[in-house]
Structures are given as structure tokens and as C-alpha cells.
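S.K.: quick check, what structure comes out for this input:
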Amino acid sequence: MMNVPKQTAQVFEILSKGQLINSNCTDELERKLYNILDNEEHYDNLYEYFRQINFTLEKGDGYYHFSRVEAKADLERKIEQAFKWIDILEFFKTFDNAFGSGFRFTPSDILVQLNLNAELKTKIDALKRYAPNKTKHSEVLAKIIGDMRSDRFMELENEISDQYKVLSSFRYLEDLILTIHITDEAKNEIPE
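M.R.: Numbering: from 1, shown residues only. Just a heads-up that it's a prediction; the model follows:
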């Protein structure tokens, strides 16, 4: 019998929803689960345990997540989601190139920059496709931030000042983009 920690069900509950467990989260339970996963013996046992039910426990730089072999329809949905993340990442990096794990911001900081930065305004207008029925920049931004919160890439750190913190899992998005390679053949096929 495999020796798995008593928090295995809690780990599964979070990761099976496609969410991530972060090292720099302010939530004490999530940090505790991260520390359990970060223990090499626990990780090895949980890796084998979850592998038996077709989930692969993956470790990133400051976060953990599940991966699994997907059907073609699921892959297409994931590709669409990846395009959304790329657009969102590009928006936040345009706001501030230092935007990444540990970065803190308020939506009002971004809204002020929208009035000063035409490129940022163009990028938020492009994000409207991910925020149906939202026309104001503040509404689109709220929807995008809400999506990033529910996907566990950022969290509301201070309700009074409306300050958000970017979680370690944001590196997952950055790594995703870094793994995309466009060959010279593909570049030639892209219409200009």
C-alpha cells in the first residue's frame, strides 16, 4: 500500500479542476499543500498514486498542476484557452514588462495606464472577445482579472486597496509561450 499524505483528497480537489497550487499564495492551506507536495517523498508517492487514475502530477517553478492525455476535442479547447492566456499575458506585459510572479497591482493602476498608452488600449480592446457583453474597459479588465483569479494565476491580496498579487503559477503561462516555436516554414505560411 502506498503511503500518501492525509491531504491527498484536498490536493486532488484543487488540481483536478485544472487549478494550480502555488508557493506564494496568501492562503495558508494552499501554502501547506504546496509544502507537502514539495516534500520529495510525498511528491513521489502522490505522483504514482495519481498516475494510477490517469493524472500526471507536474511540478513547475513554485507551483504544481495536473496534466493528462486528452482527446482531440479537449485538445482543441485547450488550444483555444492557450490563445486566450497568450493574449492576456501580452496585455499584462504591455502594462508592465516586470509583470510576473510576485508582482502587485490594482485595477485602477491599469485603468490609468489605458489613458496614457495607446498600445495597451488596443490590447484591452482585443480582449473584449473574452468578455462577452462587456464594453467598458473597467468591465473587460474585471472579467479578465476574474478569469485569472479563478484559474489561480493571481489572487486578491488586499480587499480594501483592491490590490492583487500575481502567483507563482503565472510562470506556467510564461513557460507556455517560451515553448512555442515557429519554424521558418510556418513563418512563410503566415499571411502578412
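S.K.: quick one: contacts for the residue nearest the centre of the chain?
M.R.: Nearest residue to the geometric centre of the chain (CA atoms, centre = their mean): Phe153, 3.8 Å. Contacts for Phe153 (CB atoms under 8 Å, 6 or more residues apart in numbering) come out as Leu20, Val166, Leu167, Ser169, Phe170, Tyr172, Leu173. Glycine gets a C-beta too; all of them are placed from N, C-alpha and C.
S.K.: doesn't Ile124 make contact with Lys134?
M.R.: No: contact criterion CB atoms under 8 Å: Lys134 and Ile124 do not qualify, at 10.4 Å.
S.K.: how far away is the residue nearest to the centre of the chain from Asp147?
M.R.: Counting by CB to CB, to the nearest Å, the separation of Phe153 from Asp147 is 9 Å.
S.K.: same question for Phe95.
M.R.: Distance, Phe95 to Asp147, by CB to CB: 16 Å.
S.K.: look at the two and report which has more neighbours.
M.R.: The residue with more neighbours, out of Phe95 and Asp147, is Phe95; 21 against 17, by other CB atoms under 10 Å.
S.K.: check contacts around that one.
M.R.: With contacts defined as CB under 8 Å, 6+ apart, the neighbours of Phe95 are Phe105, Asp109, Ile110, Gln113, Asn117, Leu120.
S.K.: ok, now Leu46?
M.R.: Val4, Pro5, Thr8, Val11, Leu37, Leu57.
S.K.: then Asn22?
M.R.: Counting by CB under 8 Å, 6+ apart, Asn22 makes contact with Glu30, Arg31, Tyr34, Gly62, Tyr63, Arg152, Leu167, Ser168, Ser169.
S.K.: secondary structure element holding the first one?
M.R.: In this case it means Glu30. Assigned by DSSP states H and E, Glu30 belongs to helix 28-38.
S.K.: which non-adjacent residue is nearest Phe91?
M.R.: Leaving aside its chain neighbours, Phe91 sits nearest to Lys123 (4.4 Å; criterion: CB to CB, 6 or more residues apart in numbering).
S.K.: my read: that neighbour touches Phe92, true?
M.R.: No: look at Lys123 against Phe92 with CB under 8 Å: they stay out of range, at 9.1 Å.
S.K.: circling back to that earlier point, shared neighbours, Lys134 and Ile124?
M.R.: Val140.
S.K.: quick one, strands of this protein?
M.R.: For the chain, the strands defined by DSSP state E occupy 21-22, 56-59, 63-67, 104-105, 154-158, 163-166.
S.K.: just those strands: most buried one?
M.R.: Of these, the one with the most neighbours on average (mean count of other CB atoms under 10 Å) is strand 21-22, at a mean of 30.
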